[in-house]
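Asks: Sequence first, predicted model second:
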Amino acid sequence: MDLALWDTNQARAKTLKDNLDMFIPEDRETKLLPAAPEYPLEAHDAVFLSFDECGEPVLRVARTVRQSSEMTFMLLVSDRTNDLSPCFRPKIRPSGVLFRPVKNAQLREILDEIAEELDRLTQTGVDDVFVFKAEGSYHRVPFRDILFFEARNKKVVLRTSGQEISYYDSIENLSASLPSYFVRCHRSFLVNVQKITEMRGNDMELQLTGGVVIPFSRSCREAVHQAITGQSTQMRKGA
């Protein structure tokens, strides 16, 4: 399991980190996030936010975590006397709360529950979420957030507007398992047709949302054009 921790109190952060590290493999450790992490953040299975008061600094970090990964489990760690209501809002969506002093039995219980949920998502799958394993951890990315997949250096790179994650797979294997709106546009690319904003025939390029540009090949031109046309027709019918 891939864990991260945020707490500006260094002594307190070290104690919680040491306790969390007891429940993950010896070759891994809980990552300490900087005081003011920048978007996009590396995706983690779970992020623990430890703080004294649920003020704007905490909310800013929480929003950055959630914006970077829709599927990260976010745990709040604070004192029982603190008002945590500002943290419970749509742009943050915490997964749970732990009150100090946090006991190891509580950490084990919450981490076991996260592990069970990760296993459930991996085994059963979720129609609108892409689940895959990279560097020993499972990641879950909503299909709607994926711009494209690219074959690169014997790996597949998943690209969203905010992050790239590489893992071992092949474009050929992926093409048979993705939703129909993912289309092969090049021997090295599978594109989310819903993210295409412009097809530049002269330059053999596709512009995607956010200004991202990827190539398409002549052999895939017709399939991409038909996919774009079909997607536009579906959107008009749904309007």
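Replies: Yep, that arrived.

Asks: So this protein: which segments form each domain?
Replies: 3-124, 129-238 (automatic domain parsing).

Asks: Any stretches of the chain with poor pLDDT?
Replies: Where the chain drops to pLDDT under 70, the residues are 121-127, 136-137, 231-239.

Asks: biggest helix in it, by residue count?
Replies: Under DSSP state H, the helix in the chain containing the largest number of residues is helix 104-124.

Asks: Please tell me how far the residue nearest the centre of the chain sits from His139.
Replies: Closest residue to the average C-alpha location of the chain: Ser69 at 3.4 Å, with C-alpha atoms, centre = their mean. From Ser69 across to His139, the span is 8 Å (C-beta to C-beta, to the nearest Å). C-beta: built from backbone N, CA, C; applies to glycine.

Asks: try Gly162
Replies: Gly162 is 13 Å from His139, by C-beta to C-beta.

Asks: Please apply the same query to Ile146.
Replies: For Ile146, the distance to His139 - C-beta to C-beta - is 11 Å.

Asks: Repeat that for Phe189.
Replies: 20 Å.

Asks: cool, Pro90 as well?
Replies: In terms of C-beta to C-beta, Pro90 sits 22 Å off from His139.

Asks: neighbour count winner among the two?
Replies: Neighbour count, other C-beta atoms under 10 Å: between Pro90 and His139, His139 has more, with 23 against 6.

Asks: Specify the local secondary structure of that one.
Replies: strand (DSSP: H, G, I helix; E, B strand; the rest coil).

Asks: residues contacting it?
Replies: Ala43, Met71, Val131, Phe132, Lys133, Ile165, Tyr167 (C-beta atoms under 8 Å, 6 or more residues apart in numbering).

Asks: Then Val213?
Replies: Here Val213 is in contact with Glu205, Leu206, Gln207 (criterion: C-beta under 8 Å, 6+ apart).

Asks: what do you get for Leu174?
Replies: Phe149, Val156, Phe182, Leu190.

Asks: residue contacts, Ala62?
Replies: Ala62 neighbours (C-beta under 8 Å, 6+ apart): Leu49, Met74, Cys87, Ile92, Pro94.

Asks: Can you tell me which of those residues end up in helices?
Replies: Going by DSSP H, the helices hold none of the contacts of Ala62.

Asks: how about the residues you listed in JSON lines, adding neighbour count and distance to Phe216?
Replies: Shown next, in JSON lines, are those (neighbours: other C-beta atoms under 10 Å; distance: C-beta to C-beta, whole Å):
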{"residue": "Leu49", "neighbour count": "23", "distance to Phe216": "42"}
{"residue": "Met74", "neighbour count": "21", "distance to Phe216": "38"}
{"residue": "Cys87", "neighbour count": "20", "distance to Phe216": "44"}
{"residue": "Ile92", "neighbour count": "20", "distance to Phe216": "38"}
{"residue": "Pro94", "neighbour count": "18", "distance to Phe216": "41"}
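
Asks: Alright, I will stop here.
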